[in-house]
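Peer 1: Generate a structure from the sequence data that follows.
(chains A and B)
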2 protein chains.
Amino acid sequence: MKKVINDPTAVVDEMLNGLCFVHSDLVERVEGFEVITRKAPKTGKVALISGGGSGHEPSHAGFVGEGMLSAAVCGAVFTSPTPDQVLEAIKATDEGAGVFMVIKNYSGDIMNFEMAQEMAEMEGVEVASVVVDDDIAVEDSLYTQGRRGVAGTVLVHKILGHAAREGKSLSDIKELADKLVPNIHTIGVALSGATVPEVGKPGFVLADNEIEYGVGIHGEPGYRKERLESSAILAKELVGKLLDSFDAQSGDRFAILINGLGNTPLMEQYVFANDVAGLLADAGLEVAYKKLGNYMTAIDMAGLSLTLLKVEDEAWLEALNSPVTTAAW
Amino acid sequence: MKKVINDPTAVVDEMLNGLCFVHSDLVERVEGFEVITRKAPKTGKVALISGGGSGHEPSHAGFVGEGMLSAAVCGAVFTSPTPDQVLEAIKATDEGAGVFMVIKNYSGDIMNFEMAQEMAEMEGVEVASVVVDDDIAVEDSLYTQGRRGVAGTVLVHKILGHAAREGKSLSDIKELADKLVPNIHTIGVALSGATVPEVGKPGFVLADNEIEYGVGIHGEPGYRKERLESSAILAKELVGKLLDSFDAQSGDRFAILINGLGNTPLMEQYVFANDVAGLLADAGLEVAYKKLGNYMTAIDMAGLSLTLLKVEDEAWLEALNSPVTTAAW
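Peer 2: Coordinates of the predicted model:
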């Protein structure tokens, strides 16, 4: 393992302190907790929080800021945050209008976020949530019943963050989230495994020219291994699976997110984007919004994911396009 | 070589098309050239252009947009753009007030940008330039007389981009650039080599736990190899060299840029930032501006660089903080 770290057990603590140093204009850390909150005057609006295991940087702390998240809860690497950490985020961000939690679909995350919700409600804070399960690669997985929550979660942060800033109520945000999430589908491909600092070696190993489709952002198994031939073939596989999952028809409108998993350079992500653009055009689809970069990573995994959001409401595009003040959007 | 590409000889062409697809709101490609220009109404101001070999993404095309570059010229991977490409960028962006070129200190870049300048001047376009040589690691290098131009170049783009937007004249921008560049020092460390697609294997190989200080962004040799011990030791080496280079005194004010070279996760960059913050505080220095992320990469090289900009003029901070509309700032 060759990493720019000190003590592997201190990585999250030191990372969060480094993050708060670099982005001291935007965020701060709740003392004694792995919780990053927005530095902003209270406005009495609904607070939006998210989080999960660390190792997905810039998710989720990079999206804390005006117009997106109110706080991020940062668990140990690839490990759900504990209920007391989530509770602290709820209490630190509630401004009286309630707290909405965006949870990725992992059993540990759901259990701990929901336990924190119960504790917060006993203290009189209103809490609601949505579980994001955008990864269409496989049903059920190492840590998940149903589909995993992956890069599409970032689009949920953006769209709900806009709604919260607009002053929407907790129940309105819940309604929006429930309508939005089923319209977000993601699928990925890995070129390498990821190395958790405390483990010291990759979670899985692929052969020299081998890739695996459908791998999860913690290295959960995918659905097929094959030889890496070209970006065009990857794009055809991922776009094909996504369009099937939507039963997409010519004229349908989509927002797209091409997400690097860590060790895949922008050079390759843009080459892939060019192939995706061609396939979507061939299918007669309209691409109404585009985003590309490392948003939901898996530490140092090489690979990428493609997310399609079916635009069922023009307001979603407005929300995606609205400016925010965050480290990483 | 395991890369998401198609034909290695088509990488730059396909990457630029992908980039123009993703960022179609911001930029467009000059047809038939590897030149990316800003989509914006002409305002009669000085145009700012930069560029160089590809492989440093998001540099330089990611910084084309309102408030930064007017155009980027994108050579083959790790190869200077040809004079005709640079000339095209000059002609495509001149709005009558002249064109200012930011050139990194590589012999090929200087020769080709200056040749383009001569050709443009013969066509009646006023052109001026600055050569950025911020890398203090070594004097002279594989492709450079003097010091190399590396990540600090991005700060030059930002500060000169602000001046151009403010309507400063070509000679004012030249004067600003000449004052600014000597106050920007950078030094880096590599944990691995980079693989140029057309070459197919890393430019150099380090042992399992070995690092090399002072490596250039094309893999040019650095000044010392040693065992990777910790982020704290890396930070001590890089901060020490930089403070010596400035003869820094307690109370001095700096802007800092922590730049990932490609395959070093944000997790590690933030851990390193935490160590840097401690050392700068210990030295009694004021950090007036901070930025972190992958800005000037070396394809898939693992490693990072640290840039310090000595703040000799408050206006430089205002320029760094002014909002821009680009893909990557």
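
Peer 1: Please work out how many residues are found near residue A:139.
Peer 2: 12 (other C-beta atoms under 10 Å in any protein chain shown). In short, each C-beta sits where N, CA and C put it, glycine included.

Peer 1: these two touch, right, it and residue A:105?
Peer 2: No: between residue A:139 and residue A:105 there is no contact under C-beta atoms under 8 Å: 11.3 Å.

Peer 1: Need the residues touching each of these two.
Peer 2: A:146, A:147 (C-beta atoms under 8 Å, 6 or more residues apart in numbering or on different chains).

Peer 1: What residue spans form the domains of chain A?
Peer 2: When chain A is parsed with automatic domain parsing, its domains come out as A:11-182, A:183-321.

Peer 1: show me the contacts for the residue of the stretch 51-200 of chain A found nearest chain B.
Peer 2: Going by C-beta to the nearest C-beta, chain B is nearest to residue A:57 of the stretch 51-200 of chain A, at 3.9 Å. Residue A:57 sits next to A:15, A:297, B:265, B:266, B:267, B:270 when contact means C-beta under 8 Å, 6+ apart.

Peer 1: which phi and psi does it have?
Peer 2: For residue A:57, the backbone dihedrals (degrees, to the nearest 10) come out as phi -50, psi 140.

Peer 1: wait, doesn't residue A:110 sit right on residue A:102?
Peer 2: No: the criterion here is C-beta under 8 Å, and residue A:110 misses it with residue A:102 at 11.9 Å.

Peer 1: out of those two, which sits in the busier spot?
Peer 2: residue A:102 (26 against 18).

Peer 1: Assign the more buried one to one of the three secondary structure states.
Peer 2: Secondary structure state of residue A:102, per DSSP: H, G, I helix; E, B strand; the rest coil, is strand.

Peer 1: for it, which residues make a bridge with it?
Peer 2: Beta-bridge pairing of residue A:102 under DSSP bridges involves residue A:50, residue A:130.

Peer 1: Chain B contacts on the stretch 151-300 of chain A?
Peer 2: A:191-192, A:208-209, A:211, A:228, A:230-232, A:234, A:258, A:262-275, A:277, A:290-292, A:294, A:297, A:299-300 (C-beta under 8 Å from any C-beta of the partner chain).

Peer 1: Now, the contacts of residue A:57 that are in strands?
Peer 2: Within the contacts of residue A:57, no residue falls in strands by DSSP state E.

Peer 1: with the residues you listed in mind, which one is nearest to residue A:197?
Peer 2: residue B:267 (8.1 Å; C-beta to C-beta).

Peer 1: doesn't residue A:298 make contact with that closest one?
Peer 2: No: if you go by C-beta under 8 Å, residue B:267 and residue A:298 don't touch, sitting 11.0 Å apart.

Peer 1: Please enumerate the shared neighbours of the two.
Peer 2: Each of residue A:55 lies in contact with both residue B:267 and residue A:298 under the rule C-beta under 8 Å, 6+ apart.

Peer 1: All the strands of the stretch 151-300 of chain A, residue numbers only.
Peer 2: Taking DSSP state E, counting those that start in this stretch, the strands of the stretch 151-300 of chain A run over residues A:184-190, A:210-213, A:224-227, A:253-260, A:286-293.

Peer 1: And the first one, what does it pack against?
Peer 2: Counting contacts by 3 or more C-beta pairs under 8 Å, 6 or more residues apart in numbering or on different chains; DSSP states H and E, the secondary-structure elements packed against strand A:184-190 are strand A:210-213, helix A:231-246, strand A:253-260, strand A:303-310.

Peer 1: Point out the most buried one among these.
Peer 2: Of all the helices and strands packed on strand A:184-190, strand A:303-310 carries the top mean neighbour count, a mean of 26, counting by mean count of other C-beta atoms under 10 Å in any protein chain shown.

Peer 1: anything in that one near chain B?
Peer 2: Yes: with C-beta under 8 Å from any C-beta as the measure, strand A:303-310 is seen reaching chain B through residue A:304.

Peer 1: partners of that strand in the sheet?
Peer 2: Counting by DSSP bridges, strand A:303-310 is paired with strand A:184-190 (antiparallel), strand A:253-260 (antiparallel).

Peer 1: pLDDT weak spots in the stretch 151-300 of chain A?
Peer 2: By pLDDT under 70, the stretch 151-300 of chain A has no low-scoring segment.

Peer 1: thinking again about what came up before, and the residue of the stretch 51-200 of chain A closest to chain B, how far is that from residue A:295?
Peer 2: Distance from residue A:57 to residue A:295, counting by C-beta to C-beta, to the nearest Å: 10 Å.

Peer 1: repeat for residue A:98
Peer 2: Counting by C-beta to C-beta, the gap from residue A:98 to residue A:295 is 27 Å.

Peer 1: now residue A:84
Peer 2: For residue A:84 relative to residue A:295 (C-beta to C-beta), the value is 28 Å.

Peer 1: What helix or strand is residue A:33 located in?
Peer 2: Assessed by DSSP states H and E, residue A:33 sits outside every helix and strand.

Peer 1: how many other residues sit next to it?
Peer 2: 21.

Peer 1: Next one: it relative to chain B, how far apart?
Peer 2: Distance of residue A:33 to chain B, computed by C-beta to the nearest C-beta, to the nearest Å: 17 Å.

Peer 1: That residue: what's its closest spatial neighbour, skipping adjacent residues?
Peer 2: residue A:88 (4.7 Å; C-beta to C-beta, 6 or more residues apart in numbering or on different chains).

Peer 1: gap between whichever strand or helix holds the one you found and the chain center?
Peer 2: Per DSSP H and E, residue A:88 falls inside helix A:83-93. Distance of helix A:83-93 from its chain centroid, counting by C-alpha atoms, centre = their mean, to the nearest Å, is 19 Å.

Peer 1: again with stretch A:137-152
Peer 2: So, by C-alpha atoms, centre = their mean, the centroid of stretch A:137-152 is 13 Å from its chain's centroid.

Peer 1: Mind exporting the C-alpha coordinates of that stretch to PDB?
Peer 2: Output of stretch A:137-152 as PDB, limited to C-alpha atoms (Å, rounded to 0.1, in the frame of the first residue of the first chain):
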ATOM      1  CA  ALA A 137     -26.200  -3.600 -11.800                       C
ATOM      2  CA  VAL A 138     -27.400  -6.300  -9.400                       C
ATOM      3  CA  GLU A 139     -30.300  -7.000  -7.000                       C
ATOM      4  CA  ASP A 140     -29.000  -7.600  -3.400                       C
ATOM      5  CA  SER A 141     -25.300  -7.300  -2.700                       C
ATOM      6  CA  LEU A 142     -22.800  -7.800   0.100                       C
ATOM      7  CA  TYR A 143     -24.300  -5.100   2.300                       C
ATOM      8  CA  THR A 144     -27.600  -4.300   0.600                       C
ATOM      9  CA  GLN A 145     -31.100  -5.700   0.200                       C
ATOM     10  CA  GLY A 146     -32.300  -4.600  -3.200                       C
ATOM     11  CA  ARG A 147     -30.200  -2.200  -5.300                       C
ATOM     12  CA  ARG A 148     -27.200  -0.300  -4.000                       C
ATOM     13  CA  GLY A 149     -27.000   3.500  -3.700                       C
ATOM     14  CA  VAL A 150     -24.200   5.000  -5.700                       C
ATOM     15  CA  ALA A 151     -23.300   8.100  -7.700                       C
ATOM     16  CA  GLY A 152     -26.800   9.100  -8.500                       C
END
